[in-house]
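1. Sequence unavailable; structure follows:
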């Protein structure tokens, strides 16, 4: 009955900024968790801003905090604890965070993440969680893109070989594609990419919402990247075939054989895929520059080195860059054309998005870039506080909410007083 | 581009007593790399950049396209298909029997008219259509070790079915690629003068010097019951057999041209060239086509308008995009860094 009373109280409260707290102890919890009361208890608890359970046993921790909430609301749950009695809860939750320290290492060993102080949880979520989400989403989409762009060109060629299974590329090219030539830039994207700096992440917790709302890994994006890969493969393949068709490709009248066409096509792919990741990244350290430009340079160096190996090993690729393709202007022209044609649609897309429908982190990036946060401190503070308002994340957010509530009460009192003083 | 040098946030010392000599702190050593604070440039795609990039691409591509198109237009090309017309009229119903019959004379005469002045060197090609030199079984049917050194003459692995004779002796050069060597020949004359065709140095120099040995001689070549193409001169080493070297470079597409030779004289517009060719090669079994091509070359190569047209198209498209974006930025300008575009300001109700 207490639960239904509390329910009514919560429903009747009209002030949107009011925050309720539910306090329950272990003994009462055993009754609240019985099957007939479970759901009422859960709906009450979910409507409160905080629920404090004291003197609960480890089993109850796992049962309440995680299984009930997880299955009842279907949301992702995070559990944090530091002692051995928290291990059940940590393992039951979707994400378990252990604090290493005074109570030993049991919680740390059972958890997915471990931190050394409780207050680091804010940084874990808002900075690293946000970055991680963006990095993983971008990395997976890009991986699909580059392999689709590369693999489909091999399929298209099959139509021209009577479906016999001949690959247009030398075996070594295909081996090195995913190992050296295009893997390091993706790794640097996945490890170092930051859309906004860590201070901005902490100041704008609302940016974290891009993760739960799944703005960057929805089906539109995935299919968009796959479509981009499909488009790139078509452009690269047909451009290479039609440029090298059957006429001479050099001033000395030689015609292009399969090794020349394959090498040229592969060069286009390496350039396209690496230029695409440059357009995707927004944070360039020396590592990114080294990996991206280094990958492209490695391709040319490999061609030269492979070409210098004995023809028994390199076959028709013997001296292909130094003798056949290097001096041919058509090779460089085809590379330039294919690379830029493949990257144009993505460039148009991001230019349009930034112009007409910018996302939050785009606007914040611009504010930082033009140093408007320094010029217009008032605006910066205002936006920061707005970003904290509805997220209820962070100690400062709660303090703000309390301050706002008190301010409103004070205003009401002041206005009622002024009404009284004015006859 | 600006460099961001961030400061460490949120992880200030927890112990609280900074002035006393530090206890053994467990805090890890600070480094820019591990704290992800490496100096970085964070470029922003501003309208200025977008329009400049598109304009730059347009400005670079359109002249390249025009130059390529002009180069391709300068090339003069004569293409003549002869496999269908060189079959004598009484044998057109069974062309395969005709081509396989060694008693029928395969000589054929064709006339070519020169449309524009062609300056030397004029390249002579033979073009084959519907011939899949890029078939996987065909491409691997060769042995590079055997081609290089005479000591490796017994290396015939991979050359099935043209590996060894019935007695087990190795075929040099082995494999289907060599076996199917093209064997039509062409003799050119204009007026009453013969045009010499220079058949030297039509292959890649690296092939002649390093891939085909100068001490490797053909052995047991085309000695079986099925003859696939040209017979080779046993006294000439492989590195001088340029037709073979050119043929062994397998083409990428089923329609391809291979260099036959060079004519080192100018031809004037209106000249009539008479070609005496030997129609030896069997393309009738698989409905292939044979064409004779005479072509000049430019700095870009042979006649192909595609590169020029593609460059012009992309360059034109970029100019159009630059103009379109300029219009978009003028009609719907968005002040950069305008906080009213933040999502909590745009729809304050939903979040």
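-> The structure has been received and is ready for your questions. In this text the structure is predicted, and so the values were computed from the model without any measurement.

2. List the contacts of the nearest residue to residue B:247 once chain neighbours are set aside.
-> Of all residues not flanking residue B:247 in the chain, residue B:181 sits nearest, at 5.2 Å (Cβ to Cβ, 6 or more residues apart in numbering or on different chains). (Each C-beta comes from the backbone N, C-alpha and C, glycine too.) By Cβ atoms under 8 Å, 6 or more residues apart in numbering or on different chains, the contact list for residue B:181 reads B:228-230, B:232, B:243-244, B:247.

3. just curious, which of the residues you listed is nearest to residue A:300?
-> Distance ranking of the contacts of residue B:181 against residue A:300, using Cβ to Cβ, places residue B:247 first at 29.6 Å.

4. ok, the closest one touching residue B:182?
-> Yes: with contacts defined as Cβ atoms under 8 Å, residue B:247 counts as touching residue B:182 at a distance of 5.9 Å.

5. hey, what's in contact with both of the two?
-> residue B:258.

6. so which helix or strand takes in the residue nearest to residue B:247?
-> Residue B:181 belongs to no helix or strand when elements are defined using DSSP states H and E.

7. can you pull the pLDDT of it?
-> What the model reports for residue B:181 is a pLDDT of 93.

8. hang on, the earlier thing: which one of the contacts of residue B:181 sits in the busiest neighbourhood?
-> The most crowded member of those is residue B:244, carrying 25 neighbours; neighbours defined as other Cβ atoms under 10 Å in any protein chain shown.

9. part of a strand, is that one?
-> No: assignment of residue B:244 by DSSP: H, G, I helix; E, B strand; the rest coil gives helix, placing it outside any strand.

10. how far away is it from chain A?
-> To chain A, residue B:244 is 14 Å away according to Cβ to the nearest Cβ, to the nearest Å.

11. Going by residue numbers, what spans are strands in chain A?
-> A:21-25, A:50-54, A:78-81, A:95-99, A:113-115 (DSSP state E).

12. now these as TSV including mean pLDDT, mean neighbour count and distance to chain B?
-> Shown next, in TSV, are the strands of chain A (pLDDT from 0 to 100; neighbours: other Cβ atoms under 10 Å in any protein chain shown; distance: least, Cβ to the nearest Cβ, whole Å):
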stretch	mean pLDDT	mean neighbour count	distance to chain B
strand A:21-25	84	14	23
strand A:50-54	85	13	21
strand A:78-81	88	23	17
strand A:95-99	91	22	13
strand A:113-115	91	19	11
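
13. so which of those strands gets nearest residue A:68?
-> Evaluated over these, closeness to residue A:68 peaks at strand A:50-54, with 10.9 Å, by Cβ to Cβ.

14. the inter-axis angle of that closest one versus strand A:21-25?
-> Angle, strand A:50-54 to strand A:21-25, by axes from the mean of the first three to the mean of the last three Cα atoms, to 10 degrees: 10 degrees.

15. Skipping its backbone neighbours, what lies nearest the closest residue to chain A within the stretch 201-350 of chain B in space?
-> Taking Cβ to the nearest Cβ as the measure, the stretch 201-350 of chain B has residue B:302 as its residue closest to chain A, at 2.8 Å. Distances taken as Cβ to Cβ, 6+ apart place residue A:247 nearest to residue B:302, at 2.8 Å, with adjacent residues excluded.

16. ok, now which ones touch the one you found?
-> Residue A:247 sits next to A:255, B:77, B:257, B:295, B:301-304 when contact means Cβ under 8 Å, 6+ apart.

17. Now do the phi/psi pair for it.
-> As for residue A:247, its main-chain torsions (degrees, to the nearest 10) stand at phi -90, psi 170.
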